[in-house]
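In: I would like the atomic coordinates for the input below:
(one chain, ligands or ions: 1)
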Amino acid sequence: MTDSLVLPANDWPEFQPGWVWLCGAGPGDPGLLTLHGLNALSQADVIVHDALVSADILNWAGDRAKRIDAGKRAGRASPKQAEITRLLTDHARRGKRVLRLKGGDPFVFGRGGEEAQDLVRNGVPIRLIPGISAGIGGLAYAGIPATHRDVNQAVTFLTGHDPAGDTPPLDWGAISRGSQVIVIYMGLRTMSAISQALQEAGRPADEPVAVVSDASLPTQRVLETTLEKAAQDIRQAGVTAPAIICIGKAVLMRQVLDWQSMASGAPPRNSDPLGLTTAPPRK
Ligand code: SAH
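Out: From the prediction side, this is the model:
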């Protein structure tokens, strides 16, 4: 660990040889790594990380730590899940302290659950270090609260595709009726089908949608659109992965809560985006 990044005094867990710690790195901004994550980096012998984990975070690892990019394989396609599990298991069995570093939270659409299951099946002991998921922290970086008392009492997180790459076989009617805010991971490619399914299930065509790409990174971009136009606007704007899509009135809150614009001195676009000034005061 660099001198400037000393962990505060605490009873930090000791990384035992032969263990795999599965750790979430957050959506991108290195500051969103947890202190448990930093503790893990400082002790790991081997770090197996995803492509989405930023170089700045990896630079906090000890100098002697071996880094393996599981998102790449020297010009070939990314390794299969079974290969990654084998890699983790082999290093653990050789008595290494193995840190598996994944983007966001390992247990949210990141196959962390499968990986953990396979390791346990192989007799490898694990520890889980949660991370800030893109669907919450990434949206917050765009000024969009995942929940807000005036907007939603429920939020649904869903993946834009099933293992075959198709739109997932979800009950769109139930989601449409049951969740005022819908947050989609990996949804760029299937957004057209999802928009259509939600509109057929009764969601308004002009419902606000935000597409946040590279959330929390210096390259963050936010596209504001509507349910009807989302897929077309994504194409036209050339939005690329990783991107998180938020559907619902929570998107309007960005007009007042876009805190990143405040740094450049911009005033809020609208102090009352939901038009609630005439509503009775909150209890
Ligand atoms: N475990 C991760 C999700 C892995 S799936 C988490 O909890 O965040 C990968 C998808 O996550 C991407 O396709 C994208 O939809 C989303 N994602 C991850 N990082 C992101 C980022 N910085 N900005 C926008 N979306 C991101």
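
In: Every contact and neighbour count from this point should use C-alpha atoms.
Out: OK.

In: Secondary structure element holding Ser42?
Out: Element membership for Ser42 (DSSP states H and E) is helix 35-43.

In: Packing partners of that helix?
Out: strand 20-24 (3 or more C-alpha pairs under 8 Å, 6 or more residues apart in numbering; DSSP states H and E).

In: Map the structural domains onto the sequence of the chain.
Out: For the chain, the structural domains run 20-132, 135-263, going by automatic domain parsing.

In: Any part of the first one near the ligand?
Out: Yes. When contact is scored as C-alpha under 6 Å from any ligand atom, part of domain 20-132 falls within range of the ligand: Pro27, Gly28, Gly103, Gly104, Asp105, Pro106, Val108, Phe109, Gly110.

In: lowest-pLDDT helix or strand in the protein?
Out: helix 259-262 (a mean of 92; mean pLDDT, DSSP states H and E).

In: how much space between Leu128 and Gly71?
Out: 20 Å (C-alpha to C-alpha, to the nearest Å).

In: swap in Val53?
Out: Distance of Val53 to Gly71, given as C-alpha to C-alpha: 10 Å.

In: Between those two, point out the one with more neighbours.
Out: A direct count of neighbours by other C-alpha atoms under 10 Å for Val53 and Gly71 places Val53 higher, at 22 against 17.

In: so where is the stretch 51-200 of the chain shaky, pLDDT-wise?
Out: By pLDDT under 70, the weakly predicted segments of the stretch 51-200 of the chain are 72-79.

In: can you give me the helices in it?
Out: Assigned by DSSP state H, counting those that start in this stretch, the helices in the stretch 51-200 of the chain fall at 55-58, 81-93, 112-121, 139-140, 172-178, 191-200.

In: how about the ones you listed in CSV, adding mean neighbour count and distance to Leu38?
Out: As requested, the helices of the stretch 51-200 of the chain are exported to CSV (neighbours: other C-alpha atoms under 10 Å; distance: least, C-alpha to C-alpha, whole Å):
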stretch, mean neighbour count, distance to Leu38
helix 55-58, 15, 9
helix 81-93, 17, 20
helix 112-121, 17, 19
helix 139-140, 23, 22
helix 172-178, 15, 37
helix 191-200, 18, 36
